[in-house]
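Novice: Any chance you can model this:
(one chain, ligands or ions: 3)
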Amino acid sequence: MTSLPLSQDLIAEANSRDMVALDEDYAALGRKLSRTGIDIDAIKERVASFSVAVPSWGAGRGGTRFAKFPIAGEPTNIHEKLEDCAVINQLSRVTPRVSPHFPWDKVSDFAALREEAAELGLGWDAVNSNTFQDQVGQAHTYANGSLSSQDAGARAQAVEHNIECIEIGQKLGSTDLTVWVGDGTNFPGQQDFARSLDRYLDAASEIYAALPGDWRMLLEHKMFEPAFYSTVISDWGSSILAAQELGPKAKCLVDLGHHAPNVNIEQIVARLHRFGKLGGFHFNDSKYGDDDLDSGSINPHQLFLVFNELIEAELNPRDGFNPSYMIDQSHNVTDPIESMLSSAEAITQCYAKAALVDREALHGAQEANDTMMAFQALRRAYNVDVAPILAKARVEAGGAIDVLAVYRTSMWRDRKGQERKAVGLGAGIV
Ligand code: RM4
Ligand code: MN
Ligand code: MN
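Specialist: Ligands and ions are numbered 1, 2, ... in the order given. Below you'll find the model as predicted:
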């Protein structure tokens, strides 16, 4: 039996006030789209089948490397994080899975945790391992790397941790392991580029060998931080080469914040797909680096162009195209629930806009070398305000028309402020 955190009556009541306006907007947009041969209900159905996972670590105020400014009522453990994720999904109906991070989310009974999530209407997405931080009592330090460390003990410990994550994931019902390592260097000469990659590949292949048949290993590249001179899996090139060497169950995961500024990420997406290696996404936005800002807050057009490639990929599937969509953000100055509601909306909007692109017109213009009309095919779709389509899909699934307004009316955070213990001031994302 599911028992959702907010009152469904509260949502219904707010929706009834906004319903007439939504119906008018939806009908008007439907008429406009039908003039170009698009059936709005068909787009709404596609939107209704779209979903994106939320990160357990995004439910708290992650802060920055410098400070964290906690708010009253923030979740302090995985149980409270699940409750908050359930609020996001109840209102948005587009985030039905949670992506956990270990050991941060470790509990003694994972079968019970799976049950607890199911009661809140939630399932589980990719499990994330953490070998970028030492844990209390750990035998070997990751100060000099994990899977690529010169210390065989550290490498073995990192492999063992990843295998434990797979075992936990099996208990939760996940089928993906996301591996991001902080391994790299801060000084020229600190490590040999080739030998550290060799060590990474050896260790990663031990993890790969432990993957159950239906599992995937998602390799996440990142060009800098915490290592500022070089990283072992620095870019999509290193990532795809590693994934190709490991085998068919290894795929690449693109975190939008993990590239050099101005890099053409949508082209990277197309490249990875071309070789059947596009495994998943960490959505966020970025102005300078791995800023982990809210999706669509800085460059919504880039997000649209990424989804444009994803729709092309859907139409030309290669090698079981089934990317795992996740949010990966760190909320510094907002209520994390509000940020993830807003981000889920921004991501879904870009999916809907990309679904609106007249592919025949686009491909025809490309074939005819008609640059302006090819660009206009994208531009026309990008300019459509798809909000009524998303709202309609949400209402039909039991969600709220105005997610942020209903969230605020619910006084969720204030109520949790009375019940939950306060979180500490330390910097970092846990
Ligand atoms: C990294 C990367 C990983 C995330 C950690 C917390 O920069 O984005 O996906 O697990 O941060
Ligand atoms: Mn990430
Ligand atoms: Mn990151």
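Novice: Please count neighbours and contacts with C-alpha atoms only from this point.
Specialist: Noted.
Novice: what's N130 in contact with, if anything?
Specialist: With contacts defined as C-alpha atoms under 8 Å, 6 or more residues apart in numbering, the neighbours of N130 are 101-103, 179-181.
Novice: which of those has the most neighbours?
Specialist: Neighbour counts for the contacts of N130 were taken using other C-alpha atoms under 10 Å; the highest belongs to V181, with 26 neighbours.
Novice: confidence score at that one?
Specialist: The pLDDT attached to V181 in the predicted structure is 98.
Novice: show me what contacts it?
Specialist: Taking C-alpha under 8 Å, 6+ apart, one finds 130-132, 145-147, 233 in contact with V181.
Novice: Just give the closest residue to I327, not the sequence neighbours.
Specialist: With C-alpha to C-alpha, 6 or more residues apart in numbering as the measure, F283 is the residue that lies nearest to I327, at 4.5 Å, once sequence neighbours are left out.
Novice: That neighbour and P70, how far apart?
Specialist: To P70, F283 is 23 Å away according to C-alpha to C-alpha, to the nearest Å.
Novice: ok, how many other residues are close to the closest residue to M1 other than its chain neighbours?
Specialist: Of all residues not flanking M1 in the chain, E119 sits nearest, at 5.9 Å (C-alpha to C-alpha, 6+ apart). E119: 15 surrounding residues under other C-alpha under 10 Å.
Novice: Phi and psi next, for E119.
Specialist: Here the main-chain torsion angles of E119 (degrees, to the nearest 10) amount to phi -60, psi -30.
Novice: how close does it sit to L4?
Specialist: As for E119, its distance to L4 is 8 Å (criterion: C-alpha to C-alpha).
Novice: picking that back up, ok, the residue nearest to I327 - contacts?
Specialist: 255-256, 295, 325-329, 347.
Novice: And the residue nearest the centre of this structure?
Specialist: Most central residue of the chain, judged by C-alpha distance to the mean C-alpha position with C-alpha atoms, centre = their mean, is M326 at 1.8 Å.
Novice: mind checking the SS state of that one?
Specialist: strand (DSSP: H, G, I helix; E, B strand; the rest coil).
Novice: and if you look at the one 3 residues further on?
Specialist: Applying three-state DSSP to Q329 yields a three-state assignment of coil.
Novice: what number of residues lie near it?
Specialist: Quick note: Q329 (other C-alpha under 10 Å) scores 29 neighbours.
Novice: Can you list the buried residues in stretch 210-230?
Specialist: 211, 215-227, 230 (16 or more other C-alpha atoms under 10 Å).
Novice: Check stretch 52-65 too.
Specialist: Residues of stretch 52-65 classed as buried under the neighbour-count rule (16+ other C-alpha under 10 Å) are 52-64.
Novice: ok, the residue nearest to I327 to K222 distance?
Specialist: For F283, the distance to K222 equals 14 Å [C-alpha to C-alpha].
Novice: likewise L303?
Specialist: 18 Å.
Novice: Then I298?
Specialist: In this view, I298 and K222 are 20 Å apart by C-alpha to C-alpha.
Novice: for W215, same thing?
Specialist: Where K222 is concerned, W215 sits at a distance of 23 Å (C-alpha to C-alpha).
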